[in-house]
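*Asks:* For reference, the sequence and a predicted model appear below.
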Amino acid sequence: MEEQHRKRVILFIINPISGIGKQKNIEELIRDNTDTSSYDYQVKFTKGPGHGTELAKEAVTSGVDVVVAIGGDGTVNEIGQALVGSDTALGIIPTGSGNGLARHLKIPFRFDKAIGVINRCKTRKIDTATINDQVFLSIAGVGYDAFVAKKFADAPKRGFFTYFRIVSNEYSQYRPKKYILEVDGKIIKRRALTITFANSNQFGNNTSFDPDAKLDDGLIDVCVVRRIPLWLVPLYVPMLFFKTFHKTHYIEIIRAKQAVVTRKKGKTIHLDGDPSQTGKVLEMKVNPLSLNIIVP
């Protein structure tokens, strides 16, 4: 009987510099909206890169039931990777710039409604994946999107307009690269602007290369994107928002359980929007139904 009535424990982990500061009143909102008849909760703040992973690992070890990531896709990645393969569920309160995974799952952007989702604690299992043993939950990539992710990470300001400015300013100068792909045993060679590994259907900011991507099908959609001529870009960019870009001949989508991408030299990739340095060979693997996540 005691176990049946035990309050579940929630750890809220806040990235204080995520996005554009929308989470500044979150402690008060947590206090006012968390169902304390069912939950005990704690609040902790990240102090730098990697700290969210450390806090989440400690939570798993101590038997915390739910860890809530309050931040953007990078924060969700840091915290979620520590929960992969555990019984601890991941909750999301989106405060970042892109919020791709939250958008795919239709998690509300209003804090009180997002905490309401946490209170109801409806969970589902989703796939996760790795590139060279580095975890991503939603989207990873190599090429132009990784190049932009690095520029964005170094920018003094965050938010959609900073991201859009970087994409616009750098596009004309960036040259597609040659890649060799081995996808489920098949070898193909491509010159691509970017190669995106899509677990979710969201690239971020409500844009999509691949609206049919699913979080629980045991597959990652390898999206090989060709460079669009500069003069055609204004015609094709709206298609990302209307989720029709996948119908154009500028993208090739290959669904795979595993893939190996080889490039000329090692450089940046991005994992859920955060840049990371890797070697020339990128080995992607799916870890099916490996993460419990709270959904509306």
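*Replies:* Received it, and whenever you're ready, just let me know what you need. Numbers count the residues shown, from 1 in each chain.

*Asks:* Would you agree Ile251 is in contact with Val224?
*Replies:* Yes: using C-beta atoms under 8 Å, Ile251 is in contact with Val224, at 6.9 Å. Yep, even glycine has a C-beta here, placed from its N, CA and C like the rest.

*Asks:* And these two? Which one has more around it.
*Replies:* Set Ile251 next to Val224 and count neighbours by other C-beta atoms under 10 Å: Val224 wins out with 23 against 20.

*Asks:* Worst mean pLDDT across the helices and strands of this protein, which element?
*Replies:* Every helix and strand of the chain was ranked by mean pLDDT, DSSP states H and E. The lowest is helix 160-170, at a mean of 86.

*Asks:* Show me what that helix is packed up against.
*Replies:* Judged by 3 or more C-beta pairs under 8 Å, 6 or more residues apart in numbering; DSSP states H and E, the packing partners of helix 160-170 are helix 144-154.

*Asks:* Could I get the buried residue list for stretch 220-239?
*Replies:* 220-228, 239 (16 or more other C-beta atoms under 10 Å).

*Asks:* List phi and psi for the closest residue in space to Lys189 that isn't next to it in sequence.
*Replies:* Leaving aside its sequence neighbours, Lys189 sits nearest to Ile180 (C-beta to C-beta, 6 or more residues apart in numbering; 5.4 Å). Here is the backbone geometry of Ile180 (degrees, to the nearest 10): phi -110, psi 120.

*Asks:* hang on, the earlier thing: determine which two of the buried residues of stretch 220-239 are furthest apart.
*Replies:* Largest separation among the buried residues of stretch 220-239 by C-beta to C-beta: Ile220 and Ile228, giving 23.5 Å.

*Asks:* where are the low-confidence patches of the stretch 1-150 of the chain?
*Replies:* 1-5, 18-24 (pLDDT under 70).

*Asks:* can you give me the strands in it?
*Replies:* For the stretch 1-150 of the chain, applying DSSP state E, counting those that start in this stretch gives strands covering 8-14, 39-45, 66-71, 89-94, 123-131, 134-136, 139-143.

*Asks:* Arg158 is nearest to which of those?
*Replies:* Nearest of the strands of the stretch 1-150 of the chain (C-beta to C-beta): strand 66-71, 10.9 Å.

*Asks:* Name the next helix or strand downstream of the helix or strand hosting Pro234, please.
*Replies:* Element membership of Pro234, judged by DSSP states H and E, is helix 233-241. Next in sequence after helix 233-241, counting helices and strands by DSSP H and E, comes strand 251-256.

*Asks:* hang on, isn't the residue nearest to Lys189 packed against Lys186?
*Replies:* No: using C-beta under 8 Å, Ile180 and Lys186 do not qualify as a contacting pair, with a distance of 11.4 Å.

*Asks:* between the two, who's got more neighbours?
*Replies:* Ile180 (14 against 10).

*Asks:* circling back: mind listing what's buried along the least confident helix or strand of the chain?
*Replies:* Result for helix 160-170 [16+ other C-beta under 10 Å]: buried residues 162-163, 166-167.

*Asks:* Farthest pair within those?
*Replies:* Thr162 and Val167 (9.9 Å).

*Asks:* Without its sequence neighbours, what residue ends up closest to Glu27?
*Replies:* Closest to Glu27 by C-beta to C-beta, 6+ apart is Val43, at 5.8 Å.

*Asks:* Quickly list the domain ranges of the protein.
*Replies:* Listed domain ranges for the chain are 8-121, 134-288 (source: automatic domain parsing).

*Asks:* Would you agree Ile107 is in contact with Ile118?
*Replies:* No: look at Ile107 against Ile118 with C-beta under 8 Å: they stay out of range, at 9.6 Å.

*Asks:* so what's the residue lying closest to Asp184 once chain neighbours are set aside up against?
*Replies:* For Asp184, ignoring the flanking residues on the chain, the nearest one in space by C-beta to C-beta, 6+ apart is Ala256 at 5.0 Å. Neighbour list for Ala256: 183-184, 219-222, 284, 286 [criterion: C-beta atoms under 8 Å, 6 or more residues apart in numbering].

*Asks:* Over to Gly74?
*Replies:* Contacts of Gly74 (C-beta under 8 Å, 6+ apart): 15, 18, 96, 272-274.
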